[in-house]
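*Asks:* Sequence plus predicted model, see below.
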Amino acid sequence: MDFLKIYFSGSIRGGRKDAIIYRQIIKYLKSFGTVLTEHVGDNYTADFGEAGFDDSYIHNRDIDKLLASDVVIAEVSTPSLGVGYEIGMAVEHHKPVLCLYRQQKGKKISAMIAGCKELTVVEYNNTDETKKIIEEFLEQIGNL
């Protein structure tokens, strides 16, 4: 297995209710390589953790990291314009993308994500399930 550069995507400004889940997934992802966006799971991002940086800087920094990545793992349970944008960019640049989604009463995953054949979209119930899903995804794309 090569040491992967992993871009993890999760909602920041769209809502931080899943930050604990992001941290757990990121911790597991680190066993496969470098998580370029480890800050997505940090507590400080609840305050956006971007003090002193303008939006253009954040955009360019994150796109540079996305383009440098080998794979994109996105937790898409909390709708986020930014996460959708990152997923679209990853597809455009032919990056393998795994979208993890927790079923929630009264909510459906976006058809733009669920209907995109270039994405692997998998529903899970708890973070223990994400470990097997991630491992199977990495095996499937040849990075494990």
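*Replies:* Cool, the structure landed. Numbering: from 1, shown residues only.

*Asks:* Just the element for A90, please.
*Replies:* Using DSSP states H and E, A90 sits in helix 81-92.

*Asks:* Poorly predicted segments of the chain, please.
*Replies:* 1-2, 44-51, 144 (pLDDT under 70).

*Asks:* where do the helices sit along it?
*Replies:* Shown for the chain, the helices assigned by DSSP state H span residues 19-29, 55-68, 81-92, 111-114, 127-140.

*Asks:* Distance check, F8 against D54.
*Replies:* 23 Å (Cβ to Cβ, to the nearest Å). All C-beta spots, glycine's among them, are computed from the backbone N, C-alpha and C.

*Asks:* likewise T127?
*Replies:* 34 Å.

*Asks:* sorry, back to before: which one of the helices of the chain is the most hemmed in?
*Replies:* helix 19-29 (a mean of 19; mean count of other Cβ atoms under 10 Å).

*Asks:* Packing partners of it?
*Replies:* strand 4-9, strand 71-75, helix 127-140 (3 or more Cβ pairs under 8 Å, 6 or more residues apart in numbering; DSSP states H and E).

*Asks:* and it with helix 127-140, angle?
*Replies:* Per axes from the mean of the first three to the mean of the last three Cα atoms, to 10 degrees, the angle that helix 19-29 makes with helix 127-140 is 40 degrees.

*Asks:* residues making contact with helix 19-29?
*Replies:* For helix 19-29, contacts defined as Cβ atoms under 8 Å, 6 or more residues apart in numbering pick out 6, 8, 10, 35, 38, 40-43, 45-46, 73, 75, 77, 100, 102, 127, 130-131, 134.

*Asks:* which residues touch the closest residue to N143 other than its chain neighbours?
*Replies:* Nearest residue to N143 in three dimensions, chain neighbours excluded: L4, at 5.8 Å (Cβ to Cβ, 6 or more residues apart in numbering). Residues counted as contacts of L4 (Cβ under 8 Å, 6+ apart) are F32, G33, T34, D70, V71, L138, N143.

*Asks:* ok, F8 and D54, which is more surrounded?
*Replies:* F8 (24 against 8; other Cβ atoms under 10 Å).
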